[in-house]
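starting from these lines, generate the structure:
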Amino acid sequence: MSSVMKLSNEHLQSSKTRQNYTACIVGCGRTGLVTAGLFIEAGFKVIGVDSNSHIIHQLQKGVSPFSETDLRKFIEPKIKNKRFISTTNLRKAISKSKIVVVGVSASLDSKKKPDYSRFEKACKDIGMSLTSGSLVMFQNTMGPGMTQTIVQDILESASGLKAGEHFGLAYFSTLNNSSSPSDNMNNGTKIVGGVTKRSLKVACLLLEIITKSQIVRVKDIKIAEAVKLLEEAYKEINLAFANEFAKFCEKARIDFVTMRELINPIKFSGMAGLHTSRDSHILVNEAEALDVKLRMLSLSTKINDETLNHAKRLTREALRKTKKNIRRSKIVVFGVSALPNRKKVAHSATKKLVKQLKKMGVTVKVYDPFFTSNELTNMNYDAEKTMSQTVEGADCIVVAVAHDRFSRLNLRRLQLLMKQPAALVDMGQVIDPVKAEKAGFVYRGFGRGIWTK
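Numbers count the residues shown, from 1 in each chain. Sure thing, here's the model as predicted:
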């Protein structure tokens, strides 16, 4: 196999010449599969690797393992291409590849500390089969400095090769210019760093070929690692302020939604609601390891994580007004997506909300117009085939996600299907409080302190 590290733009002018090079995508999550699709689209051969045998089985059948419509439309035509294969055998895949893109991210343990064990094992397996002349690029979320310390040490120790001399090593992050994974990976600005100038040059060359992104080269690879965490931290802090202000509006008997609409001309970016923090916890822990306290970010993650508890408080209060106890009640949660108006489940806060409600002795069913009942059941939710069947006999509806469709619900019809008196808790801020009460609900809304019952 030819050395990727000696490539120039002239070598990759046509898709025919690109077929001589194989890219191994390690981690077939949403971002990894989109990256694989972009390499396939550009003409490269691609091997997708994941330790999850179910994901690989789906890929081998030509089926996207993720249900989001836009992802499926982008991924499925690519994985049916004869230039794509998938496997759980990482070492074998690496031995056949000269381009390696790693998207295995850290998870959070029960104490919300980053767990890099799965990632470190993947690096070791990559190193065991890495060949001279290869380029290894990372696109996962990790702490600043990890590429040139932990990652480089593991790769060099396992391979017997030296980064920057025998193989290239680079890192890139993608700024979120779009909520669509495929659009974001293709068009989102790429911040790229390399351990050597050559590593950086070849990484940028490949990214310029497979995407339409603006490529920003940085001399210090730690900047490329940190910029994504900074972007997520900025969003976390904005959300925390919005969540705090929403709680104030409840107590002050003010409608947060009206306030937000009035402030929009000056670009108020806070959209209060349920949220699961992940990347911000990684940054907080990295800062603590350097004896730096990111007090504002630490407090923000705590505020945002606590919004789940506030949802339970509002639900308990609404049920109490209907003379019902939350224990042994039947609650229907509307929305399982991680984002409004999207069929995306990764990092959804609904999973935690449902789990916590069940611990309180609640019978919980879910409904989401973007998912079939079979899809919801496969995600271990209790779901019926229709919305009417789901809410029939329920004591309370909790709107967890701000899907636009929920703002157009026939509230009176829903209320009549439920066990009387019925409660409605709107964490998504999409239900009109006046209409909800007129329909007969005992209403509570996050930040919407204008209910009367």
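
wait, residue 286 touches residue 143, no?
Yes - between residue 286 and residue 143 there is a contact under C-beta atoms under 8 Å: 3.8 Å. To be clear about C-beta, it is placed using only N, CA and C from the backbone, and glycine gets the same treatment.

joint contacts of these two?
Here residue 286 and residue 143 share the contacting residues residue 229, scored by C-beta atoms under 8 Å, 6 or more residues apart in numbering.

surely residue 417 and residue 389 touch.
No - with contacts counted by C-beta under 8 Å, residue 417 stays clear of residue 389, the gap being 9.1 Å.

tell me where the model's unsure across the stretch 1-150 of the chain.
Confidence mapping of the stretch 1-150 of the chain against pLDDT under 70 gives the ranges 1-2.

where along it do the helices fall?
Secondary structure of the stretch 1-150 of the chain (DSSP state H, counting those that start in this stretch): helices at 15-18, 30-42, 53-60, 69-79, 90-95, 117-129.

what sits up against the third one?
Defining contact as C-beta under 8 Å, 6+ apart, one finds that helix 53-60 is touched by 28, 48, 50, 64-65, 79, 86-88.

and if you look at the first one?
The contact list for helix 15-18 (C-beta under 8 Å, 6+ apart) reads 11-12, 42-44, 209.

residue boundaries of the helices in the stretch 251-400 of the chain?
256-263, 279-289, 295-321, 350-359, 373-378, 387-391.

with respect to residue 205, which of those helices lies nearest?
Closest to residue 205 of the helices of the stretch 251-400 of the chain is helix 279-289 (C-beta to C-beta; 28.1 Å).

now that closest one: mean pLDDT?
Average pLDDT, helix 279-289: 89.

report the angle between the axes of that helix and helix 295-321?
Using axes from the mean of the first three to the mean of the last three C-alpha atoms, to 10 degrees, one finds that helix 279-289 and helix 295-321 are set 140 degrees apart in direction.

which helices and strands does helix 279-289 pack with?
Using 3 or more C-beta pairs under 8 Å, 6 or more residues apart in numbering; DSSP states H and E as the contact criterion, the elements in contact with helix 279-289 are strand 114-115, helix 221-252, helix 295-321.

that one: how far from the chain's middle?
Per C-alpha atoms, centre = their mean, to the nearest Å, the displacement of helix 279-289 from the mean C-alpha position of its chain is 18 Å.

what of stretch 197-211?
Relative to the mean C-alpha coordinate of its chain, stretch 197-211 is positioned 25 Å out (C-alpha atoms, centre = their mean).

what's the mean pLDDT across it?
Mean per-residue pLDDT for stretch 197-211: 95.

report the buried residues of it.
Buried positions in stretch 197-211, judged by neighbour count with 16 or more other C-beta atoms under 10 Å: 198-211.

please apply the same query to stretch 349-360.
By neighbour count, with 16+ other C-beta under 10 Å as the criterion, the buried positions of stretch 349-360 are 349-351, 353-354, 357, 360.

same check, this time on stretch 225-240
Judged by neighbour count using 16+ other C-beta under 10 Å, the buried positions of stretch 225-240 are 225-229, 231-233, 235-237, 239-240.

number of residues surrounding the residue nearest to residue 246 when sequence neighbours are not counted?
Distances taken as C-beta to C-beta, 6 or more residues apart in numbering place residue 447 nearest to residue 246, at 2.9 Å, with adjacent residues excluded. Using other C-beta atoms under 10 Å, the number of residues around residue 447 comes to 26.

show me what contacts residue 447?
With contact taken as C-beta under 8 Å, 6+ apart, residue 447 is in contact with 245-247, 249-250, 255-257, 272, 429.

mind checking which residue lies nearest the centre of this protein?
When C-alpha atoms, centre = their mean is applied to the chain, the residue found nearest the centroid is residue 346 (4.8 Å).

pLDDT at the nearest residue to that one once chain neighbours are set aside, what is it?
Beyond its immediate neighbours in the sequence, the residue positioned closest to residue 346 (C-beta to C-beta, 6+ apart) is residue 338, lying 5.7 Å away. Listed pLDDT for residue 338 reads 87.

burial count for the residue lying closest to residue 31 once chain neighbours are set aside?
Taking C-beta to C-beta, 6+ apart as the measure, residue 31 lies nearest to residue 103, with 5.3 Å between them; neighbours along the chain are not counted. Under the neighbour criterion other C-beta under 10 Å, residue 103 is assigned a count of 24.

surely residue 103 is in contact with residue 34?
No - Residue 103 is not in contact with residue 34 according to C-beta under 8 Å; the separation is 9.5 Å.

next up, identify which helix or strand residue 171 is on.
Under DSSP states H and E, the secondary-structure element containing residue 171 is strand 168-174.

now do that strand: which elements does it pack against?
Packing contacts for strand 168-174, counted by 3+ C-beta pairs under 8 Å, 6+ apart, involve strand 135-138, strand 190-194, helix 197-210, helix 221-252.

got these as CSV, with distance to residue 18 columns?
Converted to CSV, the helices and strands packed on strand 168-174 look like this (distance: least, C-beta to C-beta, whole Å):
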stretch, distance to residue 18
strand 135-138, 14
strand 190-194, 19
helix 197-210, 8
helix 221-252, 25
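
among those, which is nearest residue 113?
The stretch from those with the least distance to residue 113 (C-beta to C-beta) is helix 221-252; that distance is 15.4 Å.

now that closest one: mean pLDDT?
Averaged over helix 221-252, pLDDT sits at 93.

quick one: that helix to helix 295-321, angle?
Between the axes of helix 221-252 and helix 295-321, defined by the same axes, to 10 degrees, the angle is 30 degrees.

tell me the contacts of residue 394?
For residue 394, the contacting residues are 330-332, 365, 417-419, 422, taking C-beta under 8 Å, 6+ apart as the criterion.

now the residue of the chain most remote from its centre. Its backbone dihedrals?
What lies farthest from the middle of the chain is residue 323; by C-alpha atoms, centre = their mean that is 38.8 Å. Residue 323 has phi and psi values of phi 70, psi 30 when expressed as degrees, to the nearest 10.

count of residues packed around the closest residue to residue 349 other than its chain neighbours?
The shortest distance from residue 349 to any residue other than its chain neighbours is 3.9 Å, reached at residue 274 (C-beta to C-beta, 6+ apart). With neighbours defined by other C-beta under 10 Å, the count for residue 274 comes to 26.

returning to that earlier point: can you redo the contacts of residue 394 as JSON lines with distance to residue 148 and pLDDT?
Written out in JSON lines, the entries for the contacts of residue 394 read as follows (distance: C-beta to C-beta, whole Å; pLDDT from 0 to 100):
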{"residue": "330", "distance to residue 148": "54", "pLDDT": "98"}
{"residue": "331", "distance to residue 148": "49", "pLDDT": "98"}
{"residue": "332", "distance to residue 148": "50", "pLDDT": "98"}
{"residue": "365", "distance to residue 148": "49", "pLDDT": "97"}
{"residue": "417", "distance to residue 148": "59", "pLDDT": "97"}
{"residue": "418", "distance to residue 148": "58", "pLDDT": "97"}
{"residue": "419", "distance to residue 148": "60", "pLDDT": "97"}
{"residue": "422", "distance to residue 148": "58", "pLDDT": "97"}
